[in-house]
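# what follows is a predicted protein model with its sequence.
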Amino acid sequence: MEWFSFALLSAFALASADAVTKRFLHEYSSRELVLVRFGVAGLLLMPLALVNPLPPVPAPFWGLVLILIPLELTAMWLYMTAIRDAPLHLTVPYLAFTPVFNVATGWLVLGETVSVEGFAGILFIVAGAWLLNVRRGNGFGIRAWLEPFHAIFRERGSRIMLGVAFIYSITSVLGKAAMGYATPLSFGSFYFSVLGGVTILLFALPRPAHLSVLVRRPGVHLLVGAFMAAMVLTHFHALARVEVAYMVSVKRTSLLFGIAYGAVWFGESGLLRHLAAGSLMVAGAGLILL
């Protein structure tokens, strides 16, 4: 179960990067946050990529990378918009839908399948989403039971994060397909170094002065970048050892870390209800793991 430990470490690193970003960089624009998260992490991983170069890879590998880069940039921009503008308990938990989407994307791209328990897990995840959005004072009628599902589409942060979850269900399977041509260490460090470099270029080309954001708060940026780099390395080490839906389902325990950060650092109320909702969603992810 070595992959489980790597997935759990990846979850903690991701939640920590989210919390540090929200606490110390909340006034940054979404574009600046993407630059910090990808640019700094890419620079930190570049020496590792040079020490562990890619083996000779065929043309399909580069095709996958060309598809992955814009998808990753779009997902991270939406991700940063969501956690910057909305409470963590209304954004981060919806990432638990990624393994649900992976049931389809993993089968279509990699031929991976899940068991009957996986479909039961979907019900738990939906139940967690319901509890997360339940509002007091709505009574117990049909409208009250349906209200949380309507709220998913009414709350902008929740809606954005659902889109992020779907994009990540695509990048996770394409990333594993690309990694099949290399090793987890060489691919992970190379991929994020390229992603960071592309991010920096996108900021430098239209207006080089935008890069000054990288030196605005170097200590915080290095901390965020270090968490992101740790997330990347543990992510690909876990992904190489198990099916995508299984690995991502465990990684989504980051939502519980995120809810805890929200309560401790940001004073977000309703911790017990949020943890109960998050626990249901993680339980569903666990059933998918089975």
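That came through, no problem. Fair warning: this is a prediction, and the values are worked out from it, not measured in the lab. Residues are numbered from 1 along each chain as shown.
# shaky segments in the stretch 101-250 of the chain?
Filtered on pLDDT under 70, the stretch 101-250 of the chain yields the residue ranges 129-130, 132-151.
# quick one: the strands in it?
Read by DSSP state E, counting those that start in this stretch, the stretch 101-250 of the chain holds no strands at all.
# which helix in this protein runs the most residues?
Longest helix in the chain by number of residues (criterion: DSSP state H): helix 59-85.
# residue 157 contacts residue 95, correct?
No: between residue 157 and residue 95 there is no contact under C-beta atoms under 8 Å: 11.9 Å. No exception for glycine: its C-beta is placed from N, CA and C like everyone else's.
# who's more crowded, these two?
residue 95 (24 against 20; other C-beta atoms under 10 Å).
# what about the closest residue to that one other than its chain neighbours, neighbour count?
Distance criterion C-beta to C-beta, 6 or more residues apart in numbering; nearest residue to residue 95, sequence neighbours excluded, is residue 165 at 5.2 Å. Other residues near residue 165 number 22, with proximity taken as other C-beta under 10 Å.
# need the contact list for residue 165.
Residue 165 makes contact with 94, 95, 96, 97, 98, 101 under the criterion C-beta atoms under 8 Å, 6 or more residues apart in numbering.
# now residue 254
Residue 254 makes contact with 10, 11, 12, 14, 15, 18, 92, 95, according to C-beta under 8 Å, 6+ apart.
# gap between the residue nearest to residue 188 when sequence neighbours are not counted and residue 10?
Nearest residue to residue 188 in three dimensions, chain neighbours excluded: residue 236, at 3.8 Å (C-beta to C-beta, 6+ apart). According to C-beta to C-beta, to the nearest Å, residue 236 stands 9 Å off from residue 10.
# one more: residue 156?
27 Å.
# neighbour-wise, which of those two wins?
Each of residue 156 and residue 10 has its neighbours counted (other C-beta under 10 Å); residue 10 has more, 26 against 14.
# which ones are touching the more buried one?
Shown in contact with residue 10 (C-beta under 8 Å, 6+ apart): 230, 231, 234, 235, 238, 251, 254.
# let's see the pLDDT reported for it.
Residue 10 carries a pLDDT score of 95 in this model.
# then the one 5 residues further on?
As predicted, residue 15 sits at a pLDDT of 90.
# repeat that for residue 263.
Note on residue 263: pLDDT of 79.
# next SSE after the helix or strand encompassing it?
Per DSSP states H and E, residue 263 falls inside helix 254-266. Next helix or strand after helix 254-266 toward the C-terminus (DSSP H and E): helix 271-289.
# give me the buried positions along that next one.
Buried residues in helix 271-289, counted by 16 or more other C-beta atoms under 10 Å: 274-275, 277-289.
# equivalent analysis for stretch 44-60, please.
Within stretch 44-60, the residues scored as buried using 16+ other C-beta under 10 Å are 44, 45, 46, 48, 49, 52, 57.
# format these as CSV; extra columns: pLDDT, secondary structure and distance to residue 205.
Converted to CSV, those look like this (pLDDT from 0 to 100; DSSP: H, G, I helix; E, B strand; the rest coil; distance: C-beta to C-beta, whole Å):
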residue, pLDDT, secondary structure, distance to residue 205
44, 96, helix, 23
45, 96, helix, 22
46, 96, helix, 20
48, 96, helix, 26
49, 95, helix, 23
52, 94, coil, 29
57, 94, coil, 27
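# out of those residues, which is nearest to residue 217?
residue 44 (15.8 Å; C-beta to C-beta).
# ok, now which ones touch the closest one?
222, 225, 226, 229.
# for residue 36, see how far away it is.
Taken as C-beta to C-beta, the span from residue 44 to residue 36 is 12 Å.
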